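Asker: Everything below, folded, please.
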Amino acid sequence: MIKGFFREYAGILGGLLILCLVSSFLSEYFWSVNNVTNIVLQTSIVAIVAFGMTYAILLAGIDLSVGSIVALTGLVLVIGLTNGLPFSLMLPIALLVAVFCGFSNGLITTWLGVHPFIVTMSFMGIWRGVAMLTSDGQAVSLYDNAPFEYIFNGYLFGIPFPIIILLSMIALNHFVLSKTTFGRRVYIVGGNPEAAAYSGINVSKTTIYSYMITGLMAGVGGVMLASRMFSAQPTAANGMELDAIAACVLGGTSLTGGRGTIIGTLIGALIIAVLSNVMSLMNVDFFVSLIVKGVVILIAVGIDVYKNKRKAA
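Answerer: Numbers count the residues shown, from 1 in each chain. You can find the predicted model right below:
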């Protein structure tokens, strides 16, 4: 089992190791306890959002609206809490909003038969606009709410609670994709939707459920991000969809669908987090870091295309 794991992920694990070694030479603070903890905490939000993105890409689709869903979910939660509503009520409501956003993406994609790139790009603007209208374009702060603050800043058995959430989401999504009938259908639909339909799989239902999960994972990320910042902002997570896509592709999820794993996405998210962290330690200009991330995504996509061509040959 262990040999199989290393054989399957040898390439990206090797890439992560090399990146960590190079980073340790570039910054003496890289391996400090505080910095390593910061990397893992930074990974937690992006990785969870990327887990949801994995479902969309496995279907040979995409979801460009996850960043907007992250922002909207955080705002729904924080605005409710600042108006005196209990956390136990607002948390499920906020997550249901995220699920509804994902449902809308999946429904319109299947109903109109339009590529999800177009649909989710449209909803990216819609959900961001709703977030702006909901908050009048202003950040909404929240302090002295113990359950809310605990989500990102609490500890359980000495372990930061965001890491507990991350581990739970890894286990849950890995189980869904690798051990359930629904997970197998996602791979089949992504690999060949026509063959999946002929075999009796409801392609539309599988697509809608997958985008609902994508929305839910973005919602979890939105709640965690709001807790981390002690506030919700309508401009939060702007560009996070790119990090999520990069994590998936770097982790081996094929943009043509039908191939990818949650573990691979996790490793991809770690690569993105380490890359961002070392550039921050070196005081690299933010705009330069965007260029670097873009180049990384291009390289990952190029590798994916090369693999698919070799497979086809």
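Asker: residues in contact with the residue nearest to Val274 when sequence neighbours are not counted?
Answerer: In space, and not counting its chain neighbours, Val274 is closest to Leu19: 5.3 Å by C-beta to C-beta, 6 or more residues apart in numbering. To be clear about C-beta, it is placed using only N, CA and C from the backbone, and glycine gets the same treatment. Contacts for Leu19 were tallied using C-beta atoms under 8 Å, 6 or more residues apart in numbering; they are 271, 274-275, 278.
Asker: Columns pLDDT on top of the residues you listed, output as JSON lines?
Answerer: Compiled in JSON lines, those are given as follows (pLDDT from 0 to 100):
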{"residue": "Ile271", "pLDDT": "92"}
{"residue": "Val274", "pLDDT": "93"}
{"residue": "Leu275", "pLDDT": "90"}
{"residue": "Val278", "pLDDT": "89"}
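Asker: Could you dump those residues into TSV and include secondary structure, distance to Arg185 and neighbour count?
Answerer: Below are those laid out as TSV (DSSP: H, G, I helix; E, B strand; the rest coil; distance: C-beta to C-beta, whole Å; neighbours: other C-beta atoms under 10 Å):
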residue	secondary structure	distance to Arg185	neighbour count
Ile271	helix	29	23
Val274	helix	34	20
Leu275	helix	34	18
Val278	helix	40	23
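Asker: Could you say which helix or strand holds Leu242?
Answerer: helix 240-250 (DSSP states H and E).
Asker: Does anything pack onto that helix? Which helices or strands?
Answerer: helix 33-58, helix 66-82, helix 262-281, helix 286-312 (3 or more C-beta pairs under 8 Å, 6 or more residues apart in numbering; DSSP states H and E).
Asker: where's the closest residue to Gly15 other than its chain neighbours relative to Tyr29, distance?
Answerer: Of all residues not flanking Gly15 in the chain, Ile271 sits nearest, at 6.4 Å (C-beta to C-beta, 6+ apart). According to C-beta to C-beta, to the nearest Å, Ile271 and Tyr29 sit 19 Å apart.
Asker: Equivalent analysis for Ala10, please.
Answerer: 29 Å.
Asker: same check, this time on Ile213
Answerer: Counting by C-beta to C-beta, the gap from Ile213 to Tyr29 is 37 Å.
Asker: and those two? which has more neighbours close in?
Answerer: Neighbours were counted for Ile213 and for Tyr29 using other C-beta atoms under 10 Å; Ile213 has more, 24 against 12.
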